[in-house]
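[1] got a predicted structure plus its sequence, pasted below:
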Amino acid sequence: MTEYLFAVFIFALATFLGFELISKVPPILHTPLMSGSNAISGITIIGSLVVAGEATSPLLTALGLLAVILATLNVVGGFLVTDRMLRMFKRK
Amino acid sequence: METLIQVSYLVASILFIVAIKLLNSPRTARLGNALGALGMALGMIATLFHKGILRYEWIVLGVGVGSVLGAWMALKVKMTAMPQMVALLNGFGGAASALVALAEAERSQALTEYFASPSFSPTTLAIIALSVLIGTVTFSGSLIAFGKLEEILSGRPFLLPAHHYQSLGWLILSLIMTVLYAGIQESYWLYGVLGASLLLGFWITLPVGGADMPVIVAFLNSLSGLAAAATGFVLQNYLLIIAGTLVGASGLILTQIMSRAMNRSLWNVLFAGVGSSTSTASAGDRTVRATTPEDVALMLNYAREVVIVPGYGMAVAQAQHAVKKLMDALLARNVEVRFAIHPVAGRMPGHMNVLLAEADIPYERLYEMEKINPDFPQVDVALVIGANDVVNPAARKDTSSPLYGMPILEVDKARSVIVLKRSMNPGFAGVENELFYQPQTYMLFGDARASLEKITEALKEL
């Protein structure tokens, strides 16, 4: 249990930080905030890379490869589509 | 090397924090998104130097395929299809998190067999199972949301008998199997968790109808963050925990904003489908007044203040560019044009803003509900394009209405109202709209884009 204490610590602080960061979002940014943060949640790619790189069995290789493909889709698609949207937001 | 990797992760965490902060303001949002991408690239590159990584061929293949497909999707998708795109990407992220946790379980199993003694503590196993649970719910929930938004599935709420007890059942079942897996470490319990959480995701999104979609899309976004954070616990990777938690928290705030705009709780959206009970309110023998594009053009021509209220109907008809043309024609005639945006108009948070931005309508013309509501009594013409429930005055007056209490755009207070609508079908909530029968309201039936084009045409001939 104690091995996770530090992780819980980080988790608790990050929760508060997250709430503080997004206290008031203007509605025009609701979609980009969502798709941009969605791309950030693709950070799970880091875990996927390790699984695919150290796979020692066919099952692990398959799990790793699939995870890498899906996470990369999430990351690349998410950041690009957000940028495409944000480019459209113009002032007069 | 290990220190260098950890320092890179720290820098990446900071980049993510700054990125989310900058996504809060229209001026800095694009930079924020770029910093987020930079943080991601840094994290990925640092990970390649991880000492456990022995071979790179699968990594190269996976990243290559994912990048090409991801870029292709992001550049091809139509702005009107953005809600389903976001839902799909969400689901991919959730699935990847669950797969990483499954792989970790598989590795632990192999180690246990090799050393003939348990290699992972019960806590670690419980965390693995939770990570599988959250990631899988995100995946299956997003799939259903995608299917509904893409209209592969019906947008109507789908409810089985005692539906929410069944959902609760799947949740409890997956938690019980999580505990069993942690205690016994037999992988069939983990696959049990996988199956039950797959069903849980289906069950909680199936009852969600079209108008509630913004809430569920925001909620799934939050879940995808939590899934990454849970995987971070499994791998003891603080970058994953920080990034995932930030997304989880920001998604939760967005979910809250959306639920409040519908005057409902998240619980209510997830566990009670609106519109599943048919409304008893009937139109009686009241009549609506239909009008023609020429008459609308005439009304608009002599107005000073026009407020356009877009809704999901505008997205369906892909009418945003036609709206822009009408706006330009009106501005050329010195008619002031503003847009009133309800927070839950459309199918995802901010849906209308994205579409109007695509059509090059400057965001200074878009007004939030609280800002524009006091102005409606001075508005000469309110032009409602494919919006229904968000302008239904029953939300203010009729305590028996399912919409009662929901904050609405007070279009009914405008001097005259023109409603562009396909037919007289009631809105998603199945509730009659009093607005349509008011003496100052005129209905223009037909496809929104065609109607708008005709109005602009007629306006130019005046």
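    In hand now; what should we look at?
[2] and residue 82, how many neighbours?
    No chain in the question, so chain A it is. 29 (other Cβ atoms under 10 Å in any protein chain shown). C-beta here means a position set from N, CA and C on the backbone, and glycine is covered the same way.
[3] please go with chain B instead
    What B:M82 shows, counting by other Cβ under 10 Å, is a neighbour count of 26.
[4] can you verify it is assigned to a helix?
    Yes - according to DSSP: H, G, I helix; E, B strand; the rest coil, the state of B:M82 is that of a helix.
[5] residues in contact with it?
    Contacts for B:M82 (Cβ atoms under 8 Å, 6 or more residues apart in numbering or on different chains) come out as A:31, A:35, A:81, A:85, B:348, B:351, B:354.
[6] check contacts around the residue nearest the centre of chain A.
    Centroid-nearest residue in chain A, with Cα atoms, centre = their mean: A:S41, separated by 1.4 Å. By Cβ under 8 Å, 6+ apart, the contact set of A:S41 is A:74, B:90, B:93, B:221, B:224-225, B:227-228, B:243-244, B:247.
[7] domains of chain B?
    Using automatic domain parsing, the domain ranges for chain B come out as B:1-76, B:90-271, B:293-461.
[8] separation between the residue in the stretch 151-300 of chain B positioned nearest to chain A and A:A14?
    The stretch 151-300 of chain B approaches chain A most closely through B:A249 (2.5 Å), counting by Cβ to the nearest Cβ. According to Cβ to Cβ, to the nearest Å, B:A249 stands 7 Å off from A:A14.
[9] and the host helix or strand of B:L180, which residues are buried?
    Counting by DSSP states H and E, the element that carries B:L180 is helix B:163-184. Applying a neighbour-count criterion of 16 or more other Cβ atoms under 10 Å in any protein chain shown, one finds B:163-164, B:167, B:170-171, B:173-175, B:177-178, B:180-182 buried in helix B:163-184.
[10] equivalent analysis for stretch B:396-403, please.
    Of the residues in stretch B:396-403, B:396, B:398, B:401-403 count as buried by neighbour count, 16+ other Cβ under 10 Å.
[11] among these, which one lies nearest to B:L133?
    Among the buried residues of stretch B:396-403, B:P402 lies closest to B:L133 (Cβ to Cβ), at 32.5 Å.
[12] mind telling me what element that closest one is part of?
    Judged by DSSP H and E, B:P402 forms part of no helix or strand.
[13] leaving out the residues flanking it, which one is nearest to the residue of the stretch 1-150 of chain B found nearest chain A?
    Relative to chain A, the nearest point of the stretch 1-150 of chain B is B:G66 (2.5 Å; Cβ to the nearest Cβ). Counting by Cβ to Cβ, 6 or more residues apart in numbering or on different chains, the nearest residue to B:G66 once its immediate chain neighbours are dropped is A:T72, at 2.5 Å.
[14] before we move on, the earlier item: could you export the buried residues of helix B:163-184 as CSV, including distance to chain A?
    CSV is the format used below for those (distance: Cβ to the nearest Cβ, whole Å):
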residue, distance to chain A
B:H163, 27
B:H164, 26
B:S167, 24
B:W170, 23
B:L171, 21
B:L173, 24
B:S174, 20
B:L175, 18
B:M177, 20
B:T178, 16
B:L180, 19
B:Y181, 17
B:A182, 12
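[15] return the member of those nearest to B:G313.
    B:H163 (28.8 Å).
[16] that closest one against B:T205, yeah?
    No - shown here, B:H163 and B:T205 do not form a contact pair, counting by Cβ atoms under 8 Å, at 11.7 Å.
[17] rewinding a little: farthest-separated two in the contacts of A:S41?
    Farthest apart among the contacts of A:S41 by Cβ to Cβ are B:N90 and B:A243. That separation is 14.9 Å.
[18] what residues does stretch B:185-197 touch?
    With contact meaning Cβ under 8 Å, 6+ apart, stretch B:185-197 is reached by B:98, B:102, B:105-106, B:108-109, B:112, B:118, B:120, B:122, B:125, B:128-129, B:132-134, B:136-137, B:140, B:170, B:173-174, B:177-178, B:180-181.
[19] and if you look at stretch B:106-115?
    A:56-57, A:59-60, A:63, B:118-120, B:124-125, B:128, B:185, B:187.
[20] list just the nearest of those to B:K76.
    For the contacts of stretch B:106-115, the minimum distance to B:K76 (Cβ to Cβ) is 28.7 Å, reached by A:L63.
[21] quick check: buried residues in the helix or strand harbouring A:G18?
    Using DSSP H and E, A:G18 sits in helix A:5-21. The neighbour-count check on helix A:5-21 (16+ other Cβ under 10 Å) flags A:7, A:10-11, A:14-15, A:17-18, A:21 as buried.
[22] now narrow those to whatever sits close to chain B.
    Counting by Cβ under 8 Å from any Cβ of the partner chain, A:7, A:10-11, A:14-15, A:17-18, A:21 from these sit close to chain B.
[23] export these to TSV and tack on pLDDT?
    Shown next, in TSV, are those (pLDDT from 0 to 100):
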residue	pLDDT
A:A7	93
A:I10	94
A:F11	95
A:A14	95
A:T15	94
A:L17	92
A:G18	91
A:L21	86
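[24] what's B:V208 in contact with, if anything?
    B:145, B:148, B:157, B:215-216, B:269-270, B:273.
[25] now, which of these lie within helices?
    B:145, B:148, B:215-216, B:269-270 (DSSP state H).
[26] possible to save those residues as CSV with neighbour count and distance to chain A?
    Shown next, in CSV, are these (neighbours: other Cβ atoms under 10 Å in any protein chain shown; distance: Cβ to the nearest Cβ, whole Å):
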residue, neighbour count, distance to chain A
B:A145, 29, 13
B:K148, 26, 17
B:V215, 28, 12
B:I216, 28, 12
B:V269, 24, 17
B:L270, 20, 18
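[27] centre of the chain to the helix or strand of chain B with the lowest mean pLDDT, how far?
    Within chain B, no helix or strand scores below helix B:266-271, which has a mean of 73 by mean pLDDT, DSSP states H and E. Centroid separation between helix B:266-271 and its chain, computed with Cα atoms, centre = their mean, to the nearest Å, is 15 Å.
[28] show me the contact partners of it.
    Residues outside helix B:266-271 that contact it (Cβ under 8 Å, 6+ apart) are B:163-164, B:167-168, B:204, B:207-208, B:212, B:215-216, B:219, B:255-256, B:259, B:262.
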